[in-house]
Every structure is written in structure tokens, then in C-alpha cells.
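Q: Need coordinates for the below:
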Amino acid sequence: MTAPAKVSIDLGTRVGGGTAVLDLEELLATRLLVQGNSGSGKSHLLRRLLEQSAPWVQQAVIDPEGDFVTLADRYGHVVVDAQRGETDLQRIAARVRQHRVSVVLNLEGLDAEQQMRAAAAFLGGLFDADRDYWYPVLVVVDEAQLFAPAAAGEVSDEARKVSLGAMTNLMSRGRKRGLAGVIATQRLAKLAKNVAAEASNFLMGRTFLDIDMARAADLLGMERRQAEMFRDLESGNFVALGPALARRPLPVRIGPVETSARSTSPKLVPLPEPAAAEDAHDLIFTPGADEVRPLVPRRPPAVAPTADVLAQLARSVPPAPSPAAEPPPGLSPEQRQAAIDAALREILSESDAGFRTIAVLYQDFLVRCRIRRIGGEPLSLAAFRRRLAVAHAGIDIVEAEAEDSPWAEVLAMAGALPEDMQGVFLSLARAAFDRRPCPSDADVARAYGSRSSGRARRLMAYMEERQVIVCRLDGRGRRIVAIPGLAWETEPGDPNAAASTPLPETTPAD
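A: I've put the predicted structure just below:
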């Protein structure tokens, strides 16, 4: 099907007469924010938009309640169950862009933090797609305040940071990559302002709280005294404004849809005939003939963070046998250090080590320590991550921790970075110390456990902002990285070169 020069989406009717249309091509360039309290028709509006635009543009729906999975039967969307690893979700998202398949990411059944991590991984995969696959995609995020909260909540700071970062990338930098964000929220006051501010089109529905009405009026360029109108809007009625909708605030009523959500608003139904007190007592407390086991909760229990589980496993490692019961003598501190270094080298020698999570690597390390009978208190997860980063960079830990060693300053600089970036920085520092060519973007991505050159460039830019590295180009466009204060500098290297070590083959299961 060949699209005409301008594709207009029929949203419904204007209040007062006429058809309310949305310029799809303009929407792809300017993004959309939908706001409305529960029952205002917000999800109905999103469904209308998705149904009307399905023939023209690829779609990706972030669905926290599983309401949009019904699009699969009518419009061919593929439902992606989010109950899988973050790496799997990133790879699936990359294939979504490669093959231009419309999908619904079903987050139903996950707790709030798991939803944030899964959505961030999937959005990151869409964002990091190769330039060859930057086709237009309408990315619809329902209940956006869950993924871009204005303030910290009960979830961990790390989960909030990655989710907010993914949403910010979608709304602020996604346009150049073909990603058009459509975000919907019940509460404008709960949505991060830097995410909401990137939208140029607005559809504001019914809301009751003064703070939300005031923000809605500000976004639409209305006077504060006009904000009261948002209380009086009926379900399915919105005020539209933006280059893809209308140049002045325009009341619209959303038209009907062809699919329906699995969940519906509760309806009043007649109660059964009242039973006698004794009968009601028996109905409640006497098990029925078909009851074979207690009812299972609809949602699974919250999954404990991996770091907590691994820390518990580390604490439960049985103590080393006493010298009297163990014939071989205990290891000296030097021997113990050498055994730990050997275990780390074995882990790093495996071809897929760079792409396994730190939690899996840590569990592997604990097993290797038990095999070698390395007694004493095991390394904590944080200490293991640091030692692994040092070993990956080829730095001798004893030499590095010496007071007069220049590496002590490098380790202190690494400590100011997030834990997952320290290995990359130490690898760059080692290359500068050895005067080797500067690692390429592919090498930096591999050290970070990624295959995305774009992520590697953002990582380098972040470290330069934190003033732990200085990057410059020579006359031939080759990159040079220097470590401030130490006069260490790499030789020029091509940032676009292939990885120096071949990447492991990806199995079909990946």
C-alpha cells in the first residue's frame, strides 16, 4: 500500500460539527501527550488512534495492564510477554525494528519495579537499533507516569533512573531515529516534566485536581480561570491542540473502536436473593465439593532483587572445614589472592562473559571458589564487580592498591563512576598506560556488555562529562583518549573499526 502525501487519521467529531482529524506525518515529527483521569476515555482514545493508523505505520505499545493485546486478533500485532530477561527484551526490540512488525509489550503480572525495568529494556532496544532500521514507529506508552515518575516512589533509584532515561530518550531524541512517542497519563502532576515538555500535541480529558487542571491549561495556552472546564468534560471528550491536531484549543469527541479491552469498567448488577443467616454462614465457611485447593492469587508474588538473593546465597556458603578436619593446609593470603585471580581469569576467558549479567558471573565465581576451596569471607557482589573490572583491564590488583602506585588514583577515579561503567574506564586507562591504539566503539560496547555502538558513544560522552577521560581527534579523524592528571594517552585509533575480538555467535534461542 502506497501512502498518499498526507495521511489524516479520523479521531471522531468536533464538538459543534465536523470531523476531528490528526495529521499522522506531523504526529511522527512532533509527539503527543494524552491526559485524563480514570474513566475519562483515555484508553479508548489510544485504541482509536492505534486502529486508525495501523494500516499506515508500525506500532509498539507499552501496555502495563494487558488491555491492548486484543489488537493482535484484528490487526496482526505480536504480543510480547515481558516476563523474560532484559537482554531478551532488547534483542526482541531490535528484531521488531528490523522486520517492521507491530507489537504489544504486555507487562501484566509484573510488579511496578519489574515493569519499569522491562519497559526500559524494550525501549532501549528500539532506540539502539542500527541506522538502517530507523523506519517510523508509533510508540504508545499507556500510564506513562509509572515509567517516568516526577518523584521517587517505592521502587529502587536504579529502576527509576533507567526507566526515566528510556522515556526521556524516546520523547527527546527518538524523532531522529523514527520513534514517535505517544504517552498517556492519569495525572500530569505525577509525570516527569522533562518528558511531558517534549510533546507538541495534546489531548486533555476530564480531570478534577486543581494542580492537574492548572498544568493542562498551561500546556494548552489557556488562562487559569478556564481550567475549570476540565472538570465538566464527559467521558470520551478531549480538548485538542498542536500542529498535528489544531492551531487553537479544539473540543473533540472520540469515535467508536472495533476492538475492546479485556478489562472493562465495573457495572452494577442485581444482588442475589437474600439468604437466611445460617445458609449464608454455610456458604462462606463450608468448602464446596469442587474445591481442591486454595485459590491462587491472580498476580505472582514480588520477585526479590537478584542482588539480595545473591547476597543471601553468599552468606549461606558453608564455612571452610577446620584445619583439624581438612588434611591440606589452609591457603596463605598470597595463595588465596592468586586463586581468586585465577578464577576471575577463567570467567573472563569464556567467549560470552561480556554478555552475561553480573549476577550470573558472580554465582559462577562463588562456585569456582568452592571448587578451589578458597576459604574466608567471600567477596561481596560490589567487591566482585570491582575485581572483575580490574581483571578485565589486565591490571594487577596488588600493584594497583599500593599507595605509591599511579593505579591507585585511577581506581579512585573509577569509583566515582556507576559500577557498570568502571570496567570500561579501566580498560581505556590500561590502553592509555600501554600506549595502545584507542579502542573502537565496538570494543567499548563489548567491554560494557553490549553490541550497540551508539550506547558506546553515549558512554564515552558521559565519562568525558564526568572528567575522567578526555577525547580528541587527530588530523585523520582517529580518536585519542587521555587520562587527566596522569599524562597517559592512547595512540590514535579508528572509532568505527570492528571489534578486536570477534563477538560470540547468537543462537536461535536468543
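
Q: Please count neighbours and contacts with C-alpha atoms only from this point.
A: Will do.

Q: tell me the secondary structure for the spatially closest residue to Ser172 that is not a sequence neighbour?
A: Setting aside the residues directly before and after it, Ser172 is nearest to Glu198 in space (CA to CA, 6 or more residues apart in numbering), at 5.9 Å. At Glu198 the chain is in coil, as set by DSSP: H, G, I helix; E, B strand; the rest coil.

Q: residues contacting Glu198?
A: Residues in contact with Glu198 (CA atoms under 8 Å, 6 or more residues apart in numbering) are Arg31, Met171, Ser172.

Q: Can you read off the pLDDT for it?
A: Note for Glu198: predicted pLDDT of 85.

Q: backbone phi and psi for it, please?
A: phi -80, psi -10 (degrees, to the nearest 10).

Q: For it, give its distance to Ser450.
A: Distance of Glu198 to Ser450, given as CA to CA, to the nearest Å: 28 Å.

Q: same check, this time on Ala391
A: Distance of Ala391 to Ser450, given as CA to CA: 19 Å.

Q: Remind me which helix or strand the residue nearest the centre of the chain belongs to.
A: Per CA atoms, centre = their mean, the C-alpha nearest to the average position across the chain is that of Ala120, at 1.0 Å. Taking DSSP states H and E as the criterion, Ala120 maps to helix 112-127.

Q: what's the following helix or strand after that helix?
A: The first helix or strand that comes after helix 112-127 along the chain, using DSSP H and E, is strand 137-141.

Q: Sheet-wise, list the partners of that next one with their directions.
A: strand 58-63 (parallel), strand 179-185 (parallel) (DSSP bridges).

Q: got the ones you listed as TSV, with mean neighbour count and distance to Arg253 columns?
A: Listed next are the strands paired with strand 137-141 as TSV, based on neighbours: other CA atoms under 10 Å; distance: least, CA to CA, whole Å:
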stretch	mean neighbour count	distance to Arg253
strand 58-63	24	23
strand 179-185	27	17
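
Q: now these as a markdown table including mean pLDDT and distance to Gly415?
A: Output for these, formatted as a markdown table (pLDDT from 0 to 100; distance: least, CA to CA, whole Å):
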| stretch | mean pLDDT | distance to Gly415 |
| --- | --- | --- |
| strand 58-63 | 94 | 35 |
| strand 179-185 | 92 | 35 |
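
Q: Next, format those strands as JSON lines and append distance to Arg446.
A: What follows is the strands paired with strand 137-141, written out as JSON lines (distance: least, CA to CA, whole Å):
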{"stretch": "strand 58-63", "distance to Arg446": "28"}
{"stretch": "strand 179-185", "distance to Arg446": "26"}
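
Q: contacting residues for Tyr124?
A: Actually, residue 124 is Gly. It isn't Tyr. By CA under 8 Å, 6+ apart, Gly124 lies in contact with Gln90, Ala166.

Q: Minimum pLDDT in the contacts of Glu198, which residue is that?
A: Lowest confidence among these: Ser172, with 88.

Q: Show me where the stretch 401-510 of the chain has its helices.
A: Ranges of helices within the stretch 401-510 of the chain are 406-415, 419-433, 441-448, 453-465, based on DSSP state H, counting those that start in this stretch.

Q: So, low pLDDT: which residues of the stretch 351-500 of the chain?
A: 351-361, 375-378, 382, 392-393, 396-404, 500 (pLDDT under 70).

Q: Kindly report the domain assignment for this structure.
A: With domains defined by automatic domain parsing, the chain comprises 8-254, 305-320+329-392, 414-510.

Q: Tell me which of these sits nearest to Asp282.
A: When those are compared by CA to CA, domain 8-254 sits nearest Asp282, at 33.4 Å.
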